[in-house]
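S.K.: Here is a sequence with its predicted model. Questions after.
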Amino acid sequence: MESMEDCKNYKAKYDDLRGGALGSGEELQMNAHHEQCASCQAWRAQTDKLIDMSAAIPQFDVSEALTQRILVSVDAEHRKPALESGYLIPLAVVAAAMSLTVLPLDSIDGLFSWAIGLAGLFVLKAIVSASPAETV
């Protein structure tokens, strides 16, 4: 019965085995484990299949100029001013409609404070939208 540690070792060193980077003694030990361990045989069959399938995926070479144009376009789209984002005007209409229909209009002071709060939210949204994105 093979130990879990042998299986972990086999999986960790499989890339080296496949690439022929192991010494002959270590290669014999790996092959012996493979012959005796059904779990590692199944794992190796799946791994080999995935490696073969991924090798068959076509690779596309994209020019540096196209890559740069895409990056500039994405950056420009991200840096649009808040008024051009398309969400600010509908949001303002909804907020104004809500303030006129839902909020009680018993005092002009209450309406004025809601207007100040709404303006503050728009300013905050504009600041957040204009700030550069974090890069990883």
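M.R.: Arrived safely. Residues are numbered from 1 along each chain as shown.

S.K.: neighbouring contacts of the helix or strand hosting Arg44?
M.R.: Here Arg44 is covered by helix 38-55, with elements defined by DSSP states H and E. Contacts to helix 38-55, defined as C-beta atoms under 8 Å, 6 or more residues apart in numbering, come from residues Glu2, Cys7, Tyr10, Lys11, Tyr14, Arg18, His33, His34. Placement of C-beta: from N, CA and C, glycine included.

S.K.: Check whether the third one sits in a helix, strand or coil.
M.R.: For Tyr10, the secondary-structure state derived from DSSP: H, G, I helix; E, B strand; the rest coil is helix.

S.K.: is it true that it touches His34?
M.R.: Yes. If you go by C-beta atoms under 8 Å, Tyr10 and His34 touch, sitting 6.9 Å apart.

S.K.: Output the contacts of helix 38-55 as JSON lines; include the columns pLDDT and neighbour count.
M.R.: Listed next are the contacts of helix 38-55 as JSON lines, based on pLDDT from 0 to 100; neighbours: other C-beta atoms under 10 Å:
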{"residue": "Glu2", "pLDDT": "59", "neighbour count": "15"}
{"residue": "Cys7", "pLDDT": "90", "neighbour count": "15"}
{"residue": "Tyr10", "pLDDT": "87", "neighbour count": "21"}
{"residue": "Lys11", "pLDDT": "90", "neighbour count": "14"}
{"residue": "Tyr14", "pLDDT": "89", "neighbour count": "19"}
{"residue": "Arg18", "pLDDT": "86", "neighbour count": "13"}
{"residue": "His33", "pLDDT": "90", "neighbour count": "18"}
{"residue": "His34", "pLDDT": "89", "neighbour count": "16"}
